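Q: Got a predicted structure here, sequence first:
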Amino acid sequence: MPAALRALRDRTGLSLAGLAARTTFSKSSWQRYLGGRALPPRAAVEQLCALAGEPAGRCLALREVVAQGYGGD
């Protein structure tokens, strides 16, 4: 999951501060999500996909699989 999110962030060309400025999530939250230290909420995945011009379906499906490993949502 973190690798997919980092690839999307790379496509946006945004820094962590840029992501924070354009989404409802903080710089530190993005740092945790992109580093794999926290499972991003669905809204974070949707917002990142929108910024990258990527349909959210594949990433949300991946997130759901990963969420099962975290013990659910």
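A: Ah, there it is. As the structure is a prediction and not an experimental result, all values here were calculated from the model. Residues are numbered from 1 along each chain as shown.

Q: what ranges do the helices span in the chain?
A: 2-12, 16-22, 27-35, 42-52, 57-69 (DSSP state H).

Q: In contact with L16: list those residues for me.
A: By CB atoms under 8 Å, 6 or more residues apart in numbering, the contact set of L16 is 27, 30-31, 34. From N, CA and C alone the C-beta is placed, and that goes for glycine too.

Q: circling back: redo the helices of the chain as CSV? Include mean pLDDT.
A: Converted to CSV, the helices of the chain look like this (pLDDT from 0 to 100):
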stretch, mean pLDDT
helix 2-12, 96
helix 16-22, 98
helix 27-35, 97
helix 42-52, 97
helix 57-69, 93
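
Q: can you pull the contacts of the residue nearest to R11 when sequence neighbours are not counted?
A: In space, and not counting its chain neighbours, R11 is closest to A52: 4.4 Å by CB to CB, 6 or more residues apart in numbering. By CB under 8 Å, 6+ apart, the contact list for A52 reads 8-9, 11-12.

Q: Give the buried subset of the residues you listed as a ChimeraX selection command.
A: Applying 16 or more other CB atoms under 10 Å to the contacts of A52, the buried members can be selected in ChimeraX as follows:
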select :8,9,12
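
Q: ok, so of the contacts of A52, who is nearest C59?
A: L8 (7.2 Å; CB to CB).

Q: Let me know whether that closest one touches L48 as I believe.
A: Yes: the criterion here is CB atoms under 8 Å, and L8 meets it with L48 at 5.2 Å.

Q: Report how many residues lie close to P2.
A: Neighbour count for P2, taken as other CB atoms under 10 Å: 16.

Q: That one and L34: what is the separation?
A: To L34, P2 is 6 Å away according to CB to CB, to the nearest Å.

Q: Same check on L16?
A: Using CB to CB, which is the criterion applied here, L16 is 8 Å from L34.

Q: For the residue nearest the centre of the chain, give me its contacts.
A: Closest to where the C-alpha atoms of the chain average out (CA atoms, centre = their mean) is V45, at 4.1 Å. Listed by CB under 8 Å, 6+ apart, the contact partners of V45 are 5, 56, 59-60, 63.
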